[in-house]
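> here is the input, now give the coordinates:
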Amino acid sequence: MRAGALESAVERAATDGRAAVKEQGMAVEESIPPTHAAHPEHAPPARRRMSTGRRMMVLAVAVAALYGALFIAYVRLNATPDGGRRVTLFAPTDGVGFKGIALPEPFAAPALDLATADGGRFRLADARGKAVLVYFGYTRCPDVCPQTLARLTAALATLGADADRVAVAFVTIDPLNDRADVVRGYLADYDPRIVGLVGAPDELAAVAAAFDIASRAVPTPAAGLMPPGQMAPGQMAPGQMAHEAHDMSAHAGDPAMATPSLAHSSSVILIDPAGLIRAVLPPEQTPGDIAHDVSWALANR
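Residues are numbered from 1 along each chain as shown. Okay, here's the model as predicted:
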């Protein structure tokens, strides 16, 4: 019995061993990863990432090529025939910064050195550190010039204490009529910080040209010489905004003609504390707009 029992035990051990080996073999087979060629969907994530990376690189190259083409087109469109570059002097702002017409590329203001109506001297170089408003006009202007001076006066009041950091110059373009005493009396109705500048005709003409202020005489027949209802050359229709031309009073000694109107720019030039022209303020600007632009020039040198 002992021998039979031993044989039975050995046989069971062998059977158990064969079963264990079989189970181990199955486990080994299951642990072997499938062939990638046969099952591409089981490819490692790294390989898929490399494919995505190549696509992103191709896209980046295409975008760079597009931007390069656009840049070349921009340069060619903005090139002048002599190989220079077109510069836009004035461009409307987008609501950020100046409310007037800002210069994308500010430049140094021309020299300004003229006698004042009260017997002094005004030099733009002496106003460094201040914002400077320069306006060209004349004392007999019936509407736009006094309106502009009134808006400048109101703007100075709006600025409060900052107005002490602002210089305002009224430069006459009518030297034959605007003598020092005439300009001084004319400005008495406005803020005393507005300085009237006078000079000889050639001196004032040079200053106006330096600031690119063009003006010309526009003769107007005297009242009564035109048929009823017909406008004379250079006259403004009732209600028309006379921003670029102004009617004058009758010319003494020539009953057939009126004193020439002076067509000229009615905008105000804004110079920052560093002496750079930063913006041009059109006649439509309110005193608040002017004060805003002056404050911006003071804060953003």
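
> going forward, measure contacts between C-alpha atoms and count neighbours the same way
OK.

> so what does Arg193 have for phi and psi?
Dihedral angles of Arg193 (phi, psi; degrees, to the nearest 10) stand at phi -80, psi -10.

> which helix or which strand is home to Phe107?
Using DSSP states H and E, Phe107 sits in strand 101-108.

> pull out the buried residues from that strand.
By 16 or more other Cα atoms under 10 Å, the buried positions in strand 101-108 come out as Ile101, Ala102, Leu103, Pro106.

> next one: stretch 145-162
Quick answer for stretch 145-162 (16+ other Cα under 10 Å): 145-146, 148-159, 162.

> what helix or strand is Gly119 located in?
Using DSSP H and E, no helix or strand contains Gly119.

> neighbours of the closest residue to it other than its chain neighbours, just the number please.
In this structure, Gly119 finds its nearest non-sequential neighbour in Ala180, 7.9 Å apart by Cα to Cα, 6 or more residues apart in numbering. Ala180 is flanked by 20 other residues according to other Cα atoms under 10 Å.

> surely Ala180 touches Ala117?
Yes: the criterion here is Cα atoms under 8 Å, and Ala180 meets it with Ala117 at 4.4 Å.

> between those two, what contacts are shared?
With contacts taken as Cα atoms under 8 Å, 6 or more residues apart in numbering, the residues that reach both Ala180 and Ala117 are Val198.

> wasn't Ala206 part of a helix?
Yes: membership of Ala206 in a helix is supported by DSSP: H, G, I helix; E, B strand; the rest coil.

> mind listing the helices for the stretch 51-200 of the chain?
Using DSSP state H, counting those that start in this stretch, the helices of the stretch 51-200 of the chain run over residues 144-159, 180-187.

> quick one: buried residues of the last one?
Using 16+ other Cα under 10 Å as the burial criterion, the residues of helix 180-187 that qualify are Ala180, Val183, Arg184, Tyr186, Leu187.

> now render those residues as CSV, adding distance to Gly129.
Output for the buried residues of helix 180-187, formatted as CSV (distance: Cα to Cα, whole Å):
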residue, distance to Gly129
Ala180, 27
Val183, 27
Arg184, 26
Tyr186, 28
Leu187, 25
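
> list the contacts of Ala117.
The neighbours of Ala117, taking Cα under 8 Å, 6+ apart as the test, are Arg179, Ala180, Asp181, Val183, Arg184, Val195, Gly196, Leu197, Val198.
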